[in-house]
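Q: Just the structure for this:
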Amino acid sequence: MQKKVLLFTDLGIDDAFAIIYTFFRDDIKILGIVADYGNVTREKAIWNINYLKYISGRQDIPVFLGASIPLTGKAVGSFPEVHGESGLGPIIPPKISSPVYSVNDVYPIIDSNSNDLSIINLGRLSTLATMFVLNLEKMANVKEYICMGGAFFCPGNVTAVAEANFYADPYAANLINQHAKNLTIIPLNVTQNAIVTPEMVKQIDLFHQNTRDPAGLIIKPILDYYYKFYSHSNPGIAGSPMHDFLTVWYLLNPLSVQITKLPIKIIPDQGDGFGQSIADFRSKPDPDFKDHNVALQFDYESFKSDVMNTFLRKRKL
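A: Below is the predicted model:
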């Protein structure tokens, strides 16, 4: 049975890899993609989504207009050194004309599919939080939420304690933490181990040099760009950490990820803890913390095997 999914994304390289992965799978159905600011501007996220849809022959998937700024009201930047000027490494996608719908048009999708709908948030949580503010009752009907964000047992990647998605809009992250039911958090300390090596990329590219599938051929140039950044910033790293990809991968491979229920708090207050995610491991946790599912680790060999098995086959067009 296909998993029904709404994706919220600030489409950078690891987001792109995750979306392409879904196009190679028969067990997931993307009902819509919400374009947000984050790795790139919202406008560039839309261009990237439309480009991936076009080269993959998936123009059936609707795109929705997400947030362009965080609920904090602060100015936002992008990360060309990590994701490239447009978010797809060396690729500057053409502006492909395609309808973009209001985020309010997401609610009917929720109404029609709520009992078996998974919402996966790969970037900042501003749009998702706004949807909770506007219609808490509808959002409560969603089967599950899966979010990439937070950091436990490791330093943050923006500050000493804060991970990028939560730091960019801790007001939104805190709101989701307070109100989302059946929320699973896939944090930085887990996603940083979701390594796709250059050898894996090489094998995938060699296969698709024969298939000539544009969705397969885009993988090497974007992941080579991504790895160049990580190999400079973290010398000795074996490959590219696919943060957002692991979040999607978890949906289809839940038995390969160790999950535990933990009381969680997000710090929205200014100061050194701004954007920090805290888990309370005490036997009598703080009652103000909210219980959520949190990933602790995953089976890397299963991860690697599934990545290769998925991409080393012809996609059904």
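
Q: ok, how many other residues are close to A75?
A: With neighbours defined by other Cβ atoms under 10 Å, the count for A75 comes to 7. To be clear about C-beta, it is placed using only N, CA and C from the backbone, and glycine gets the same treatment.

Q: Output stretch 204-211 as CSV, restricted to C-alpha atoms.
A: Extracted as CSV, the C-alpha positions of stretch 204-211 are listed here (Å, rounded to 0.1, in the frame of the first residue of the first chain):
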residue,chain,number,x,y,z
ILE,A,204,24.4,5.3,-9.5
ASP,A,205,25.8,7.6,-12.2
LEU,A,206,27.3,4.8,-14.2
PHE,A,207,24.0,3.0,-14.1
HIS,A,208,22.0,6.0,-15.3
GLN,A,209,24.6,6.8,-18.1
ASN,A,210,22.9,3.7,-19.6
THR,A,211,19.3,4.4,-18.7
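
Q: Can you measure across stretch 251-265, start residue to end residue?
A: The distance separating the two terminal residues of stretch 251-265, taken as Cα to Cα, to the nearest Å, comes to 23 Å.

Q: Over to stretch 95-113?
A: Using Cα to Cα, the span of stretch 95-113 from its first residue to its last is 31 Å.

Q: For L183, name its beta-bridge partners.
A: Residues in a beta bridge with L183, per DSSP bridges, are Y145.

Q: and it, what does it touch?
A: Taking Cβ atoms under 8 Å, 6 or more residues apart in numbering as the contact definition, L183 lies against 144-147, 176-177, 292-293.

Q: again, but for N135
A: Y107.

Q: Please name every helix or strand in contact with the lowest-mean-pLDDT helix or strand in the chain.
A: For the chain, scoring each helix and strand by mean pLDDT, DSSP states H and E identifies helix 80-83 as the least confident one, at a mean of 95. With contacts taken as 3 or more Cβ pairs under 8 Å, 6 or more residues apart in numbering; DSSP states H and E, helix 80-83 sits against helix 219-233.

Q: Could I get the buried residue list for the helix it packs on?
A: Residues of helix 219-233 classed as buried by neighbour count (16 or more other Cβ atoms under 10 Å): 219-227, 229-230.

Q: Over to stretch 293-312?
A: Buried, per 16+ other Cβ under 10 Å, within stretch 293-312: 293-295, 298, 303, 306-307, 310-312.

Q: and that stretch, how far from the chain's centre?
A: 15 Å (Cα atoms, centre = their mean, to the nearest Å).

Q: From the opening residue of that stretch to its closing one, how far?
A: 32 Å.

Q: List the contacts of it.
A: 21, 24-25, 152, 182-187, 190, 193-196, 200, 203-204, 207-208, 216, 219, 246, 249-250, 252-253, 256-262, 264, 279.

Q: re earlier: how about the CA coordinates for the least confident helix or strand of the chain, as CSV?
A: Listed next in CSV are the C-alpha coordinates belonging to helix 80-83 (Å, rounded to 0.1, in the frame of the first residue of the first chain):
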residue,chain,number,x,y,z
PRO,A,80,25.2,28.9,-1.7
GLU,A,81,28.4,27.5,-0.3
VAL,A,82,26.5,24.3,0.7
HIS,A,83,23.7,24.0,-1.9
